[in-house]
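Peer 1: sequence and predicted structure below; questions after.
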Amino acid sequence: MQLYPVGIIGTGKYVPERVITNHDLEQMVDTNDEWIVTRTGIKERRMAAPDQATSDLAYHASVKALAAAGITAEELDLIIVATITPDMFFPSTACLLQDKLGAKKAAAFDLSAACSGFIYGLSTASSMIATGMYKHVLVVGAECLSRITDYTDRNTCILFGDGAGAVVLGQVPEGRGFKAFELGADGSGGELLNVRGGGSRMPSSEQSLADRSHFIYMAGSEVFKFAVRIMGGAAEEALRKADMDKSEIDLLVPHQANIRIIQSALNRLNLSEEKCMINLDRYGNVSAGSIPIALAEAVEQGRVKEGDRLVLVGFGGGLTWGAAVVVW
Ligand code: UT7
């Protein structure tokens, strides 16, 4: 079978206007700006307006990605939305987005791999284009995490923000595009990071509401240890598959969970901070939205040039992880 080279041909991001600073959070829980900045690197995050849901954020990011790619929504063959905060159980957020965009010829589905969802989506879309099944696929990472964040829990509420990033994937010239993916999961760690309520195991009830089980639960330090181990490891494995050395990386675009996790990955990969896209100080952790927002912002800032070698890497609930090597 002939395989076509596949790459990212357009990027876009959208974050809601409302800014929640660390000082705002000081009014809600027993915390302080100094603790949050030194332990996480986060200074502020965005919060969706009451009338905005995940598909609305995804829509704004997608419009920009389509414009950057120079194609219309009607030219899309498939839409994949990676999210853990869909507008509703079903229809999928991807279907809602398909309608908003008027992408009449596109198939559409959501993908659930928490913060690794965008990388999982890239690898799925890339395979479909490489085999010639599709020409253009829109991959979106979008979240309204504020809707599942417990603003009485200082262990988690300081971390999360809302936003969306989108990319259009298509064929690219030989030598460019995706060189390797590394995906992984360890379901035995599912208890460390989850939202237990509202599913088939624990349907919504007065009790599930009273137990606050519709909010994110996280065993922070356990997830932290996993993240430190897996970020560098997944990136190294993807590089090995791409037959590339870590010294060849021009830009690392990591999941924006915690500056200390990012720094540990930089140490392991022997990279300086200049070779890393960091924007968690302004947006916090946007789960599946973090990597595509950071990527779109790197492109906006002119930090990505033709021929640059990028490594995208993330980890999250599941537990899951994913890394991609792409030549721009
Ligand atoms: O994308 C999803 C994946 N999620 C992540 O990547 C998050 C990974 N985890 C982390 O980033 C870190 O574990 C946190 C930032 C969540 C927590 O940092 P930590 O250094 O692991 O702190 P800790 O949980 O060990 O807590 C240390 C202390 C505790 O006090 P005691 O028991 O030592 O007296 C906490 O109660 O800090 C306290 N603490 C806080 N203090 C002020 C926890 N949260 C806060 C807070 N403000 N917001």
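Peer 2: Cool, got the structure.

Peer 1: quick one: the strands in the chain, in order.
Peer 2: Ranges of strands in the chain, per DSSP state E, are 6-14, 18-21, 44-47, 78-82, 107-111, 137-144, 162-171, 177-185, 193-194, 217-218, 251-254, 309-316, 320-327.

Peer 1: hey, which of these is tucked in deepest?
Peer 2: Between these, strand 137-144 has the highest mean count of neighbours, a mean of 32, where neighbours are mean count of other Cβ atoms under 10 Å. No exception for glycine: its C-beta is placed from N, CA and C like everyone else's.

Peer 1: does any bit of it sit next to the ligand?
Peer 2: No. Judged by Cβ under 6 Å from any ligand atom, strand 137-144 makes no contact with the ligand; its nearest approach is 10.3 Å.

Peer 1: stretch 109-123: end-to-end distance?
Peer 2: 14 Å (Cα to Cα, to the nearest Å).

Peer 1: that one: which residues count as buried?
Peer 2: The neighbour-count check on stretch 109-123 (16 or more other Cβ atoms under 10 Å) flags 110-111, 113-123 as buried.

Peer 1: tell me the residues of the stretch 1-150 of the chain that contact the ligand?
Peer 2: 31, 35-36, 39-40, 115.

Peer 1: show me where the stretch 51-200 of the chain has its helices.
Peer 2: Assigned by DSSP state H, counting those that start in this stretch, the helices in the stretch 51-200 of the chain fall at 54-69, 93-101, 117-130.

Peer 1: need those helices in TSV with distance to Tyr217 and mean pLDDT, can you?
Peer 2: Below are the helices of the stretch 51-200 of the chain laid out as TSV (distance: least, Cβ to Cβ, whole Å; pLDDT from 0 to 100):
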stretch	distance to Tyr217	mean pLDDT
helix 54-69	20	98
helix 93-101	22	98
helix 117-130	19	98
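
Peer 1: which one of the residues of the stretch 1-150 of the chain next to the ligand is nearest to Glu273?
Peer 2: Thr40 (16.1 Å; Cβ to Cβ).

Peer 1: related to what we said a few turns ago, now, which of the buried residues of stretch 109-123 sits nearest Ala323?
Peer 2: Using Cβ to Cβ, Ile119 comes nearest to Ala323 of the buried residues of stretch 109-123, at 6.6 Å.

Peer 1: for Lys104, see how far away Glu74 is.
Peer 2: Here Glu74 is placed at a distance of 6 Å from Lys104 (Cβ to Cβ, to the nearest Å).

Peer 1: tell me the centre residue of the chain?
Peer 2: The chain has Ala288 as the residue nearest its centroid, 2.6 Å off, counting by Cα atoms, centre = their mean.

Peer 1: just checking, that one touches Leu122?
Peer 2: No. With contact defined as Cβ atoms under 8 Å, Ala288 does not count as touching Leu122 (11.2 Å).

Peer 1: got JSON lines for the residues of the stretch 1-150 of the chain next to the ligand, with distance to Leu312 and pLDDT too?
Peer 2: Formatted as JSON lines, these follow (distance: Cβ to Cβ, whole Å; pLDDT from 0 to 100):
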{"residue": "Thr31", "distance to Leu312": "31", "pLDDT": "97"}
{"residue": "Trp35", "distance to Leu312": "30", "pLDDT": "98"}
{"residue": "Ile36", "distance to Leu312": "26", "pLDDT": "98"}
{"residue": "Arg39", "distance to Leu312": "25", "pLDDT": "97"}
{"residue": "Thr40", "distance to Leu312": "21", "pLDDT": "98"}
{"residue": "Cys115", "distance to Leu312": "12", "pLDDT": "98"}
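
Peer 1: is the ligand within reach of the top helix by length along the chain?
Peer 2: Ranked by residue count and defined by DSSP state H, the top helix of the chain is helix 220-241. Yes. Contact of helix 220-241 with the ligand is found when judged by Cβ under 6 Å from any ligand atom, involving 220-221, 223-224, 227.

Peer 1: which of the residues of the stretch 1-150 of the chain next to the ligand are buried?
Peer 2: Among these, those classed as buried by 16+ other Cβ under 10 Å are 31, 36, 39-40, 115.

Peer 1: re the thing from before, from the ligand, how far off is the residue nearest to the centre of the chain?
Peer 2: Distance check for Ala288 against the ligand: by Cβ to the nearest ligand atom, to the nearest Å, it reads 9 Å.
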